[in-house]
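Colleague: Fold the following.
(one chain, ligands or ions: 1)
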Amino acid sequence: MSSPVPDTIRPIRFDDGRLHLLDQRLLPSESRENGYEDPASVADAIRDMVVRGAPAIGITAAFGVVLACDRARDRNTAPWRPSVEAAIDRLAASRPTAVNLFWALDRMRAVLAGCGSVAEACAATLAEAQAMLQADIAANRRMGAIGAALIDPGRAVLTHCNTGSLATGGFGTALGVIRASWAEDRITEVFADETRPWLQGSRLTAWELLRDGIPVQLLCEGAAASLLRSGRVGWVVVGADRIAANGDTANKIGTYGLALLARAHGAGLMVVAPLSTIDFEIADGSAIPIEMRAEAEVLGLGGQRVAAPGARAWNPAFDVTPADLIDVIVTEQGAVHRPDREGLAALRGLVDR
Ligand code: MRU
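Modeller: Residues are numbered from 1 along each chain as shown. The predicted model follows:
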């Protein structure tokens, strides 16, 4: 018999004209919410990874647009549109890879286009951002059920980065599938890569799984080959930052290596992402912009330099897994097995744009 799906964390909330973000740079040692009232500091929060994960970035940016409208109203900025458009441009420049950011800002632009006054814009953007947040959680729950149904009971799963409540409005994408599978007793063990260099796995995924009562074993990415070779893992379950029209998938650096290992050792690779992560404008993964991050993230640990003095670092935040290494892409509208251009195109008509 399955138990209720554990799910207690909500990283983004908007109350009384303020956006509150759980500061993911501090977890797991400190659980602190920061408050935001201006859109420029929201853009900085996305860039600095106070909030991260593709869907969470998009929802946060949407609330950033709400704050831009509120400021224009409170400061009596006339005309009000240029300041809101400038805020949208700044939010769009915060991080380049996750397409959910641009998807969310496009939705806000469409809402603004229909508004005749700043008061109307404040109300309409707030309603849209709140709807986006609630729809994300609902989509994650649907993906959890669809993905869990594909997992035959009795084996372990391995995940990478953090794709949970912290990376979304709540519940999570790949981690949502893992939550649902755990509740249905489908999986025996959960393994999570520590996910160098930012340690989303050991700091965030482990924190949120344990808070919700799901045991987890961490491993260095270098241990994944041995784990997969042992045959304990049935599925590698990951999220996505941007899926091209042919199914090529950008996700946290290291995902491509895991995909090769999964294929070599007979484990399945499941990518779990909402339709807002599919970029139908990009033909294949070669056109996905890959964010390069600071060398210091690789050269140090916890703010302390560990690399030999003088060493430089190469630090791409994401890599692209070719579609032919992916067994299934799970979306809230259903699963696409052996994804390709035709399989994904069938979903296109269902995209809420
Ligand atoms: O750099 P991050 O932490 O924002 O990267 C996050 C990931 O790569 C996630 O796997 C992806 O955004 C999906 S989150 C549901």
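
Colleague: got the contact list for Asp7?
Modeller: Counting by Cβ atoms under 8 Å, 6 or more residues apart in numbering, Asp7 makes contact with 165, 170-171, 179, 212. Heads up, the C-betas are built off the backbone N, CA and C, glycines and all.

Colleague: And it, how far from Ile178?
Modeller: The gap separating Asp7 from Ile178 is 11 Å, by Cβ to Cβ, to the nearest Å.

Colleague: Find the closest residue to the ligand in the protein.
Modeller: Nearest residue of the chain to the ligand: Gly239, at 2.9 Å (Cβ to the nearest ligand atom).

Colleague: give me the number of residues near the closest residue to that residue other than its chain neighbours?
Modeller: Distances taken as Cβ to Cβ, 6 or more residues apart in numbering place Thr163 nearest to Gly239, at 3.5 Å, with adjacent residues excluded. Using other Cβ atoms under 10 Å, Thr163 has 32 other residues around it.

Colleague: So Thr163, which state does it fall into?
Modeller: Counting by DSSP: H, G, I helix; E, B strand; the rest coil, the backbone at Thr163 sits in coil.

Colleague: just Ala135 next, same as before
Modeller: helix.

Colleague: can you pull the pLDDT of it?
Modeller: On pLDDT, Ala135 comes in at 98.

Colleague: Please apply the same query to the one 10 residues further on.
Modeller: Per-residue confidence (pLDDT) for Ala145: 98.

Colleague: Arg353 too?
Modeller: 42.

Colleague: can you start the count at 11 instead of 1 from here on
Modeller: Okay, using 11 as the starting number, the last item reads as Arg363.

Colleague: how about the residues of the protein that lie near the ligand?
Modeller: Contacts of the chain with the ligand, taken as Cβ under 6 Å from any ligand atom, map to 62-65, 108, 171, 173, 177-178, 183, 210, 249-251, 261-262, 327.

Colleague: Filter those residues down to the ones in strands?
Modeller: If you go by DSSP state E, these have 261-262 in strands.

Colleague: pretty sure Gly179 is touching Ala141, no?
Modeller: No - look at Gly179 against Ala141 with Cβ atoms under 8 Å: they stay out of range, at 10.8 Å.

Colleague: Give the rounded mean pLDDT of whichever strand or helix holds Ser236.
Modeller: Following DSSP states H and E, one finds Ser236 within helix 234-239. Averaged over helix 234-239, pLDDT sits at 98.

Colleague: Check which residues of the helix or strand containing Tyr266 are buried.
Modeller: Using DSSP H and E, Tyr266 falls within helix 265-275. Applying a neighbour-count criterion of 16 or more other Cβ atoms under 10 Å, one finds 265-269, 271-273, 275 buried in helix 265-275.

Colleague: Can you show me the CA trace of it as CSV?
Modeller: What follows is helix 265-275, C-alpha atoms only, in CSV (Å, rounded to 0.1, in the frame of the first residue of the first chain):
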residue,chain,number,x,y,z
THR,A,265,24.4,14.7,-16.6
TYR,A,266,26.0,13.8,-19.9
GLY,A,267,28.6,11.6,-18.3
LEU,A,268,25.8,9.9,-16.2
ALA,A,269,23.8,9.3,-19.4
LEU,A,270,26.8,7.6,-21.0
LEU,A,271,27.3,5.5,-17.9
ALA,A,272,23.6,4.6,-17.6
ARG,A,273,23.6,3.4,-21.3
ALA,A,274,26.8,1.4,-20.8
HIS,A,275,25.4,-0.4,-17.7
